[in-house]
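# Starting from these lines, generate the structure:
(one chain, ligands or ions: 1)
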Amino acid sequence: MAAPIRLISRLTLVTGGGSGIGRAVSQRLASEGASVVIADISEDSANETVGRLQSDLKGQSHMAAAVDVSSKESVTKLLTRIQTRYFQPPSVCVNSAGVTQDDFLLSMEEEKFDRVIQVNLKGSFLVTQAVAQALVACGASKGSIITLGSIVGKVGNLGQVNYAASKAGVEGLTRTAAKELSRFGIRCNCVLPGFITTPMTDEVPEKVLVKMKSLVPLGRMGEPAEVADVCAFLASDDSRYITGASIEVTGGLFMG
Ligand code: NAP
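Numbers count the residues shown, from 1 in each chain. Next up, the predicted model:
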């Protein structure tokens, strides 16, 4: 079945778009007709993603940019660059930039805790705030902001006290943003992946992955494209009555 084309003429921003889920989301948004700004800590990987995007649909023009989502200055510069080039802010934003720095609670160093919170939670705040401010300032009538949480934010995970806290945090952030921004036509939602095959999970030891897979009712890890499908739905008007929601993409892991 051909993919739907729901995002013609839409300007979209994907943080962490140089890798894994963010790259798959960028590809999916572009295949639906959107222009995509791929922002990543590594400009090279963002450029590599741009090179893989469909660009033959009406008016498409993609851009790669370096950003550190944990820095307000860097995020402000990014939004200025986007508006200078496109004369508008992105009406779709997918917060996919994220990091892990695992350790057990008893030995977790303060620096590791802080870094993961800074990128995953504060970074999502800074980008969400900057995009929302720009949309409100230009009188846009609609927007969709999607943040990658994690099922781990709901159920916890051994060795991920910092990561789980950051991902629980983005759900609270998103629900509050959804309440505050609904009067401007801006919807805010989270997507909660389970275990998805990306460079992030490449770091997980094989025996842990085998154990995890055995817990997934659908019996396998997910693919980045399967998370991207849900992000594209949330970006599109097909989800126009959905805000403040968290959608699990886990193959049934930890359901209920
Ligand atoms: P990934 O392949 O590591 O992609 C994340 C991207 O974000 C990388 O390109 C990374 O660059 C970039 N990044 C890191 N710090 C950044 C910063 N300060 N500013 C801008 N970009 C930054 O990970 P992924 O698996 O696609 O994960 C994407 C999102 O989904 C993350 O929020 C993650 O927590 C979430 N998630 C993933 C899974 C999973 O199973 N894969 C499960 C649940 C949730 P570097 O590679 O240089 O760090």
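# Quick check: phi and psi on Gly143?
The phi and psi values for Gly143, taken as degrees, to the nearest 10, are phi -160, psi 160.
# Return the residues in contact with the residue lying closest to it once chain neighbours are set aside.
Counting by C-beta to C-beta, 6 or more residues apart in numbering, Gly143 lies nearest to Ile186, which is 3.9 Å off, once chain neighbours are set aside. Just so you know, the C-beta spots here come from the backbone N, C-alpha and C atoms, and that holds for glycine as well. Applying C-beta atoms under 8 Å, 6 or more residues apart in numbering to Ile186 gives the contacts Ala132, Leu135, Val136, Ala140, Lys142, Gly143, Ser144, Ile145, Ala177.
# quick one: which of these sit in helices?
Ala132, Leu135, Val136, Ala177 (DSSP state H).
# of these, list those near the ligand.
Near the ligand, judged by C-beta under 6 Å from any ligand atom, there are no entries from the ones in helices among the contacts of Ile186.
# Just the buried subset of those residues, please.
Ala132, Leu135, Val136, Ala177 (16 or more other C-beta atoms under 10 Å).
# do you know how far the residue nearest to Gly143 is from Lys142?
Distance, Ile186 to Lys142, by C-beta to C-beta, to the nearest Å: 7 Å.
# about what we covered before: tell me the one among the ones in helices among the contacts of Ile186 nearest to the ligand.
Nearest to the ligand among those, counting by C-beta to the nearest ligand atom, is Ala177 at 16.5 Å.
# Can you give me every residue that contacts the closest one?
So Ala177 contacts Thr128, Ala132, Ile145, Ile186, Cys188 (C-beta under 8 Å, 6+ apart).
# again, but for Thr250
Thr250 touches Ile151, Leu192, Pro193, Gly194, Phe195, Val216, Gly222, counting by C-beta under 8 Å, 6+ apart.
# Turn those into a markdown table, including distance to the ligand, neighbour count and pLDDT.
Shown next, in a markdown table, are those (distance: C-beta to the nearest ligand atom, whole Å; neighbours: other C-beta atoms under 10 Å; pLDDT from 0 to 100):
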| residue | distance to the ligand | neighbour count | pLDDT |
| --- | --- | --- | --- |
| Ile151 | 7 | 21 | 97 |
| Leu192 | 7 | 23 | 98 |
| Pro193 | 4 | 27 | 98 |
| Gly194 | 6 | 23 | 97 |
| Phe195 | 5 | 23 | 95 |
| Val216 | 11 | 17 | 96 |
| Gly222 | 7 | 21 | 97 |
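# Most widely separated two among the residues you listed?
Farthest-apart pair in the contacts of Thr250 is Leu192 and Val216; separation 14.0 Å (C-beta to C-beta).
# which bits of the protein sit near the ligand?
Residues of the chain lying near the ligand (C-beta under 6 Å from any ligand atom): 15-16, 18-22, 40-42, 45, 67-70, 96-99, 119, 123, 148, 150, 193, 195-196, 198-201.
# For PyMOL, write the select line for the buried members of those residues.
Here is the PyMOL command that selects only those of those that count as buried (16+ other C-beta under 10 Å):
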select buried, resi 15+16+18+19+20+21+22+40+41+45+67+68+69+70+96+97+98+99+119+123+148+150+193+195+196+198+200+201
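# Filter the residues of the chain next to the ligand down to the ones in strands?
Among these, the ones falling in strands (DSSP state E) are Thr15, Asp40, Leu148, Pro193.
# Let me know whether the third one touches Cys190 as I believe.
Looking back up the chat, that one is Leu148. Yes: under the criterion of C-beta atoms under 8 Å, Leu148 makes contact with Cys190 at 7.4 Å.
# Need the overlap of contacts for these two.
The contact lists of Leu148 and Cys190 share Val170, where a contact means C-beta under 8 Å, 6+ apart.
# Compute the distance between Ala235 and Ala39, please.
With C-beta to C-beta as the criterion, Ala235 and Ala39 are 16 Å apart.
# Actually, Pro205.
For Pro205 relative to Ala39 (C-beta to C-beta), the value is 31 Å.
# now Thr147
14 Å.
# who has more neighbours, those two?
A count of neighbours by other C-beta atoms under 10 Å puts Ala39 above the other of Thr147 and Ala39, at 32 against 29.
# Kind regards, and thank you for your time.
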